[in-house]
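Novice: Have a look at this prediction, sequence included:
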Amino acid sequence: MATDFTCIPIIDISCLVEKWNDANMDEDGGVLNLVRQLDEACRLAGFFYVKGHGIPDTLLKEVRDITRQFFYQPLEEKLKIKLSEQTGYMGYQEVGDNITKGVPDMHEAIDCYKELKHGLYGDLGKPMEGPNLWYVHISLN
């Protein structure tokens with residue numbers, strides 16, 4: 001991956017938020033331009049910031065605070081919600097657990113997804129069924 005960039009890209013996703021439920025969004029010029037911006041940011045920087053998402057600042061602050069509380073815990077606490085096949089590939093990843101192009105990534109993370117109802121997508125969705133463990137973990141503490 002190239003790292004030939006001078007700042008972290010900031011991408012406005014408001015057109016995608018507006019069209020999220022439009023079956024023809026792939027024909028919208030604004031959405032196509034956004035996809036090109038996302039592609040470029042991923043190729044050049046490997047990550048990006050988004051704006052225009054509509055999430056209130058108060059909720060963003062709350063999530064940041066809760067996230068910091070989780071990641072400042074001892075490793076043995078974080079491992080209580082370790083990502084695995086049995087957890088629907090949701091949960092905590094230690095530094096080095098995530099592999100990109102055969103190389104361990106130097107970050108820790110929690111993978112959360114839209115929770116799928118059992119059977120909603122048949123056998124195809126079965127590996128991703130189950131609760132987001134972080135939510136279960138913070139509600140127990």
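Specialist: Happy to help now that I have it.
Novice: Which segments of this protein make up each domain?
Specialist: Using automatic domain parsing, the domain parsing of the chain gives 10-51, 57-140.
Novice: tell me the mean pLDDT over the shortest one?
Specialist: What domain 10-51 shows for mean pLDDT is 91.
Novice: Can you give me the end-to-end span of that domain?
Specialist: Across domain 10-51, the terminal residues are separated by 7 Å (CA to CA, to the nearest Å).
Novice: ok now that domain, how far from the chain's centre?
Specialist: In terms of CA atoms, centre = their mean, to the nearest Å, the centre of domain 10-51 is set 15 Å apart from its chain centre.
Novice: residue boundaries of the strands in this structure?
Specialist: 10-12, 49-51, 91-93, 99-100, 103-104, 109-111 (DSSP state E).
Novice: Tabulate those strands (TSV), appending mean neighbour count and distance to Gln73.
Specialist: Where you see a C-beta, it was placed from the backbone N, CA and C, and this is true even at glycine. Converted to TSV, the strands of the chain look like this (neighbours: other CB atoms under 10 Å; distance: least, CB to CB, whole Å):
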stretch	mean neighbour count	distance to Gln73
strand 10-12	14	31
strand 49-51	12	26
strand 91-93	22	10
strand 99-100	9	24
strand 103-104	10	22
strand 109-111	16	12
